[in-house]
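Visitor: what follows is a predicted protein model with its sequence.
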Amino acid sequence: MLKDITVLVKHSNDIVPSEITPKALYEGRRQFMLKSGAALVGAWGLAAARNDAFAGVKLAGVKKSQYTVAEAQTPLKDVTTYNNFYEFGTDKSDPAANAHTLNPRPWTVSVEGEVKKAKTFGIEELLKLAPLEERVYRLRCVEGWSMVIPWVGYSLAELIKQVEPTGNAKYVEFVSLADPAQMPGVKDSVLNWPYTEGLRMDEAVNPLTLLCMGLYGEALPNQNGAPVRVVIPWKYGFKSGKSIVKIRFVEKQPTTAWMAAIPSEYGFYSNVNPQVDHPRWSQAKERRIGEFGKRPTLMFNGYADQVGKLYAGMDLKKFF
């Protein structure tokens, strides 16, 4: 059976990093990684020894969720070795190779801005703030590939209600860690660091928006955004910020990292939409990792019933 012989196959029509980022930035970054790699081997080895304690730790009390798709799940090996996480490198294999430098404990997330009860949460507190659920979501990358992943977490709305946003809170901004000592990629200017993303408030409180701390029943691997990230399944994958250290509630729409880098190609909403192509490639179909051939991409990645009303009346070509 196909699922029994699933392998991670790099197709000739995959979009490579040099096509996603401006050429000059990409080439400069590769030179930096080659020069710095040897010097960092010793330090990385020490960091790996320190951080291995959190790899594969089982999360307690995880319950099954109603938010699950009945589709074959992408194997754990593929989920953890085929990643975009530019803080560790622009090739798909770079995060798995380099992210052992990230130390996910101790970790805090500052929740601030237009809220009545600003607070800094420790990761252990976040793990206990609400019951953990396993949610099997589709993941659609803007590059045209997809996965199905059993994430672990709870609705971001559970955290939001703890801090009581004011009436001025119209948007939520997510800020990722940008520590060059732990993330060698942020020494280069491929993006303006720290990585930032954002949502409208009604998107942030939608029950599908997940504050995620695990996958496959275990603590998040470093290369997948440890120790805490968000997952927004109806948007392209880059909207789901990883290794989050700040959540800001703001009045005006924030400028995200990709909007700042290439505003003509990456919009604030970035909803999965097979009817709106990327300026340089079609979004009509996708390649599910482990499958041969391509399948049609679904509107809002198949979550139109849950989120379509959020965009009623909007010109989705203009607000891409």
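Guide: Perfect, thanks for sending it.

Visitor: give the residue spans of the stretch 1-150 of the chain that score low on pLDDT.
Guide: Residues of the stretch 1-150 of the chain meeting the criterion pLDDT under 70: 1-55.

Visitor: mind redoing it with 50?
Guide: Residues of the stretch 1-150 of the chain meeting the criterion pLDDT under 50: 1-13, 18, 22-50.

Visitor: all helices for this protein, in order.
Guide: Using DSSP state H, the helices of the chain run over residues 17-20, 23-51, 76-81, 94-98, 123-128, 156-163, 201-204, 257-261, 304-307.

Visitor: show residues contacting the fourth one.
Guide: When contacts are defined by C-beta atoms under 8 Å, 6 or more residues apart in numbering, helix 94-98 is touched by residues 33, 44, 80-81, 83-85, 88-89, 184-185, 222-224. Heads up, the C-betas are built off the backbone N, CA and C, glycines and all.

Visitor: ok, residue 108 touching residue 121?
Guide: Yes - shown here, residue 108 and residue 121 form a contact pair, counting by C-beta atoms under 8 Å, at 6.6 Å.

Visitor: middle-most residue in this protein, spatially?
Guide: Centroid-nearest residue in the chain, with C-alpha atoms, centre = their mean: residue 240, separated by 3.4 Å.

Visitor: who's in contact with it?
Guide: Here residue 240 is in contact with 197, 212, 225, 229, 230, 231, 232 (C-beta under 8 Å, 6+ apart).

Visitor: so who does the fifth one touch?
Guide: The reference is to residue 230. Residue 230 sits next to 156, 174, 197, 209, 210, 211, 212, 240, 241, 244 when contact means C-beta under 8 Å, 6+ apart.

Visitor: okay, these in a markdown table with pLDDT next?
Guide: Output for the contacts of residue 230, formatted as a markdown table (pLDDT from 0 to 100):
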| residue | pLDDT |
| --- | --- |
| 156 | 98 |
| 174 | 98 |
| 197 | 98 |
| 209 | 98 |
| 210 | 98 |
| 211 | 98 |
| 212 | 98 |
| 240 | 98 |
| 241 | 98 |
| 244 | 98 |
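
Visitor: buried sites along stretch 217-233?
Guide: Buried residues in stretch 217-233, counting neighbours by 16 or more other C-beta atoms under 10 Å, are found at 217-233.

Visitor: take the contacts of residue 240 and keep only those in strands.
Guide: Taking DSSP state E as the definition of strands, the contacts of residue 240 contribute 197, 212, 229, 230, 231.

Visitor: not counting its own residues, what contacts the strand ranked longest in the chain?
Guide: Longest strand in the chain by number of residues, with DSSP E as the criterion: strand 145-155. Contacts to strand 145-155, defined as C-beta under 8 Å, 6+ apart, come from residues 14, 59, 62, 69, 71-74, 78-79, 129-140, 207-218, 231, 286-289, 297.

Visitor: residues near residue 167, how many?
Guide: Look at residue 167: counted by other C-beta atoms under 10 Å, it has 7 neighbours.

Visitor: next one, pLDDT for it please.
Guide: On the pLDDT scale, residue 167 is placed at 98.

Visitor: circling back to that earlier point, quick one: which of the contacts of helix 94-98 has the most company?
Guide: For the contacts of helix 94-98, the largest number of neighbours (other C-beta under 10 Å) sits with residue 222, at 29 neighbours.

Visitor: excluding its backbone neighbours, what's nearest that one?
Guide: Leaving aside its chain neighbours, residue 222 sits nearest to residue 99 (3.8 Å; criterion: C-beta to C-beta, 6 or more residues apart in numbering).

Visitor: next: residue 79.
Guide: Once flanking residues are discounted, residue 79 sits nearest to residue 149: 5.6 Å by C-beta to C-beta, 6+ apart.

Visitor: tell me the bridge partners for that neighbour.
Guide: residue 137 (DSSP bridges).

Visitor: okay, now it: neighbour count?
Guide: Residue 149: 21 neighbours (other C-beta under 10 Å).
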